[in-house]
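J.: here is a sequence with its predicted model. Questions after.
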Amino acid sequence: MTFDKTDQLAVNTIRTLSIDAIEKANSGHPGLPMGAAPMAYTLWSRHLNFNPNSMAWFNRDRFVLSAGHGSMLIYSLLHLSGALEMEEIKNFRQYESKTPGHPEFKHTEGVEITTGPLGQGFAMSVGMAMAEKHLAARFNRDDFDVVDHYTYVVASDGDLMEGISHEAASLAGHLALDKLIVLYDSNDISLDGDLDKSFSEDIRKRFEGYNWHYIKVDDGNDVEQIDKAITEAKSSDQPTMIEVKTIIGYGAPNKQGKSASHGAPLGEEERKAAFEYYGFDPEETFKVDASVYDRFSETMKQRSNEKEEAWNKMLETYKEEHSELYKELDDAINHRLAEDYDKDLPFYEAGDSKATRATSSEMIQVLSNSVPTLFGGAADLASSNKTNVKNEEDFDRTNYAGRNVWFGVREFGMAAALNGMAAHGGIYPYGGTFFVFSDYMKPAVRLSALMKLPVTYVFTHDSIAVGEDGPTHEPVEQLAGLRAIPNLNTIRPAEGNETRAAWKVAMEAVDAPTALVLTRQNVEALDVPYETVEEGVKKGGYLVFDKGDDAILFASGSEVPLAVKTAEQLEAQNVNVKVASIPNMQQFLKQDAAYIESVMNTHIENRTAIEMAASFGWHRFIGMNGKIHAIDTYGASAPGDVVIEKYGFTVERVLGTVLDK
């Protein structure tokens, strides 16, 4: 295939569409799409298998614009390929348009992941490549490569400066994810100015050190060299970094090569000059020649149609010859659980004493049998988080069929990879670490909630009961922080049966992630019927003890059994109380008013909240005159039971709070 005038017209049309949309919105980032248009066009026209007529085709290649600020690049490509209407291009950055300021997953068809917070798109692409590898190893058979596609990324200088890119690149190289190909828009400019003010590392040495294949393209306008580089990358047995030297704002005579073209419209005069340079009439806006639409149809659409048709035919034969595997794959693609997937999950008798991290592990062991694509691990803490599946092998470069993932000490990279797996589809991903280190993961957790991805986070060592490791490892404010994230199921189960119910919430979620916040120390199972527990956890809160209206106690996690013991002591003193377990505060407050009142009992004046964490958030339950038995300071280093006692989480001290003694 030779680059011709129509190809050049298509490249310049990507540029002019981007410029016009940004000018009309009077907001946006024109520099990246102007500089990166040739590499993006080369990828889409010659390599990318993406069918605009069937955008959910499972075996499509994934394209990630990690440099999400350059969103008009992907919107222009989607429009020219027939996946996005011109009206949406004209409504760039407007309310409820399909062309928001940064690409948003599930908002715009054809956008594979929400990007913009730099580095995260790059890291999520690693998760996508991991998902492809694992599913291929699990489901492919001789003559049936039912999972066989690439993950392509366009990344910027900013992506590679963010710390998460180091975590993600290190993991990708270690795992030899050879179907991950990154095109680095290397233009030597960042938002504030020349890149050499802050960034001077040798990209080749860095990525070769990570066990990546490295290719350099000296001229970002040389489509043939870009094409050659991508072809070479596809034959490598390593992930590939293609550094493409580009000129930001290419074609704008006074702003190209300068930060002035990075994050603001070009302005009328500069737009006119750029259009003239490209050979376009400045008087025409949003102009697309019919030949450009035809070129996308003749290349990407035709190639992808043929690929998809062949895949569908292969899948029919696969269904006949490997019927059980086909059903597993079809269930995985459609995020469909078996009706009885939970039948072997254990129950716990009242008084059974186990840490919720241990009961969580028991759930994982069973779920790994009933959910074939449950896939995950921990950030070098599997022995503490208890996330490994005992009867499964490790996922590594020699065995992509393994299901225990060693993410290493890369919490942020792990969380982003989990997002990539969930967005890719076919995987039920989970990842674990200590709860206090959720702070390292927060930006990715926020994105999973924003994208409505069913990721499960296993956070253990949930309080000052961590003990000897001291305040650096004892979470205090983390619960309040996660509870503030919209669309995140933050569940802190009280004991084993609540843990069982919490895992069911996580597994059955389709449009929200779940954070399971679990104890290190043992807690006793409650004397409550399991049906009540399951329904209560689903609704976020419920009564676990109901003997009267003299007082009401609210708690979560390990403090629920403490509250029940306190209630029993109060009952012995003729103070009859209720105890409410609130494992998921956000979900509880979404229930209808009648249910909320049935648990809240607002007529009761003596109200106390009990939690080994910051008090923030509990006033919604107890009112301004209520009492809070919480921790609004940091922890201490000592044996866990000593710290718990010193901080007042004993029946005697809680009694004093309730009775104002």
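T.: That came through fine.
J.: not counting sequence-adjacent ones, nearest residue to Lys133?
T.: Setting aside the residues directly before and after it, Lys133 is nearest to Tyr400 in space (CB to CB, 6 or more residues apart in numbering), at 4.3 Å. (C-beta placed from N, C-alpha, C; glycine too.)
J.: pLDDT at the one you found, what is it?
T.: The predicted structure scores Tyr400 at 98 on the pLDDT scale.
J.: got it, and Leu337?
T.: Model confidence at Leu337 (pLDDT) stands at 98.
J.: ok, Met1 next?
T.: Met1 is assigned a predicted lDDT (pLDDT) of 67.
J.: now swap in the one 4 residues further on and tell me
T.: In the prediction, the pLDDT value recorded for Lys5 is 96.
J.: ok, the one 3 residues further on next?
T.: Predicted confidence (pLDDT) at Gln8: the value is 98.
J.: hang on, it in a helix?
T.: Yes. When DSSP: H, G, I helix; E, B strand; the rest coil is applied, Gln8 is found to be in a helix.
J.: what about it, neighbour count?
T.: As a burial measure, Gln8 scores 16 neighbours (other CB atoms under 10 Å).
J.: now it: how far from Ile226?
T.: Using CB to CB, to the nearest Å, one gets 14 Å for the distance from Gln8 to Ile226.
J.: could you check how far Leu77 is from Thr108?
T.: In this view, Leu77 and Thr108 are 12 Å apart by CB to CB.
J.: residue contacts, Lys272?
T.: The contact partners of Lys272, by CB atoms under 8 Å, 6 or more residues apart in numbering, come to Pro282.
J.: does it sit in a helix, a strand or a coil?
T.: Remark: Lys272 carries the secondary structure label helix [criterion: three-state DSSP].
J.: that older thread, between Leu77 and Thr108, tell me which one has more neighbours.
T.: When Leu77 is set against Thr108 and neighbours are counted by other CB under 10 Å, the residue ahead is Leu77, at 30 against 20.
J.: tell me the contacts of the more buried one?
T.: Leu77 is in contact with Ile14, Ala40, Tyr41, Trp44, counting by CB under 8 Å, 6+ apart.
J.: okay, and which of those map to helices?
T.: Secondary structure from DSSP state H places Ile14, Ala40, Tyr41, Trp44 of the contacts of Leu77 in helices.
J.: wait, isn't the last one in contact with Phe50?
T.: Yes. Applying CB atoms under 8 Å as the test, Trp44 and Phe50 come out as touching, 7.5 Å apart.
J.: shared neighbours, these two?
T.: In terms of CB under 8 Å, 6+ apart, Trp44 and Phe50 are both contacted by the residues Phe63, Ser81, Met300.
J.: I'd like those residues laid out as TSV, including secondary structure and pLDDT.
T.: Listed next are the shared contacts of Trp44 and Phe50 as TSV, based on DSSP: H, G, I helix; E, B strand; the rest coil; pLDDT from 0 to 100:
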residue	secondary structure	pLDDT
Phe63	strand	98
Ser81	coil	97
Met300	helix	95
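J.: and which of those is nearest to Asp342?
T.: Nearest to Asp342 among the shared contacts of Trp44 and Phe50: Phe63, at 36.5 Å, using CB to CB.
J.: my guess is that closest one meets Phe50, correct?
T.: Yes. Counting by CB under 8 Å, Phe63 does reach Phe50; the two are 6.5 Å apart.
J.: these two: who's more crowded?
T.: Between Phe63 and Phe50, counted using other CB under 10 Å, the more crowded position is Phe50 (28 against 24).
J.: can you tell me which residues contact that one?
T.: Going by CB under 8 Å, 6+ apart, the list of residues near Phe50 reads Trp44, Arg60, Asp61, Phe63, Ser81, Gly110, Met300, Ser304.
J.: could you do Phe286 as well?
T.: Contact partners of Phe286, counting by CB under 8 Å, 6+ apart, are Leu17, Asp20, Ala21, Met86, Ile89, Lys90.
J.: just the ones of those in helices?
T.: Among those, the members falling in helices (DSSP H) are Leu17, Asp20, Ala21, Met86, Ile89, Lys90.
J.: export these to TSV and tack on distance to Asn489, pLDDT and neighbour count?
T.: As requested, the ones in helices among the contacts of Phe286 are exported to TSV (distance: CB to CB, whole Å; pLDDT from 0 to 100; neighbours: other CB atoms under 10 Å):
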residue	distance to Asn489	pLDDT	neighbour count
Leu17	40	98	28
Asp20	42	98	23
Ala21	37	98	28
Met86	39	98	11
Ile89	36	98	24
Lys90	38	98	17
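J.: now render those as CSV, adding distance to Met241.
T.: Formatted as CSV, the entries for these read as follows, by distance: CB to CB, whole Å:
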residue, distance to Met241
Leu17, 28
Asp20, 32
Ala21, 30
Met86, 35
Ile89, 31
Lys90, 36
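J.: thinking again about what came up before, what residues are shared contacts of Phe63 and Phe50?
T.: Common neighbours of Phe63 and Phe50, counting by CB under 8 Å, 6+ apart, are Trp44.
J.: how close does the nearest residue to Ser66 once chain neighbours are set aside get to Lys234?
T.: On the basis of CB to CB, 6+ apart, the spatially nearest residue to Ser66 that is not a chain neighbour turns out to be Gly121, at 3.0 Å. Distance of Gly121 to Lys234, computed by CB to CB: 21 Å.
J.: before we move on, what about Tyr184?
T.: Between Tyr184 and Lys234 the computed distance is 17 Å (CB to CB).
J.: more neighbours: which of these two?
T.: Shown here are Tyr184 and Lys234; by other CB under 10 Å, Tyr184 has more neighbours (29 against 13).
J.: parallel or antiparallel, list what pairs with the helix or strand hosting the more buried one.
T.: Secondary structure assigned from DSSP states H and E places Tyr184 in strand 180-186. Sheet neighbours of strand 180-186, with direction, are listed as strand 151-156 (parallel), strand 240-245 (parallel) (DSSP bridges).
J.: those: which one's closest to Asp462?
T.: Of all the strands paired with strand 180-186, strand 151-156 comes closest under CB to CB, at 34.5 Å.
J.: which residues sit against that closest one?
T.: When contacts are defined by CB under 8 Å, 6+ apart, strand 151-156 is touched by residues 32, 36, 39-40, 43, 47-48, 61-67, 69-70, 73, 118, 121-122, 125, 128-129, 132, 165, 179-185.
J.: most tightly surrounded among the strands paired with strand 180-186?
T.: For the strands paired with strand 180-186, the stretch with the most neighbours on average is strand 151-156, a mean of 28; neighbours defined as mean count of other CB atoms under 10 Å.
J.: helices and strands around the helix or strand following that strand, which ones?
T.: Elements were assigned by DSSP H and E; along the chain past strand 151-156, the next helix or strand is helix 157-161. Helix 157-161 makes packing contacts with helix 120-139, strand 180-186, strand 189-190 when contacts are defined by 3 or more CB pairs under 8 Å, 6 or more residues apart in numbering; DSSP states H and E.
J.: for Phe435, which of these is the nearest?
T.: With CB to CB, the closest approach to Phe435 among those belongs to helix 120-139: 21.4 Å.
J.: in the closest one, what's buried?
T.: Buried positions in helix 120-139, judged by neighbour count with 16 or more other CB atoms under 10 Å: 120-136, 138-139.
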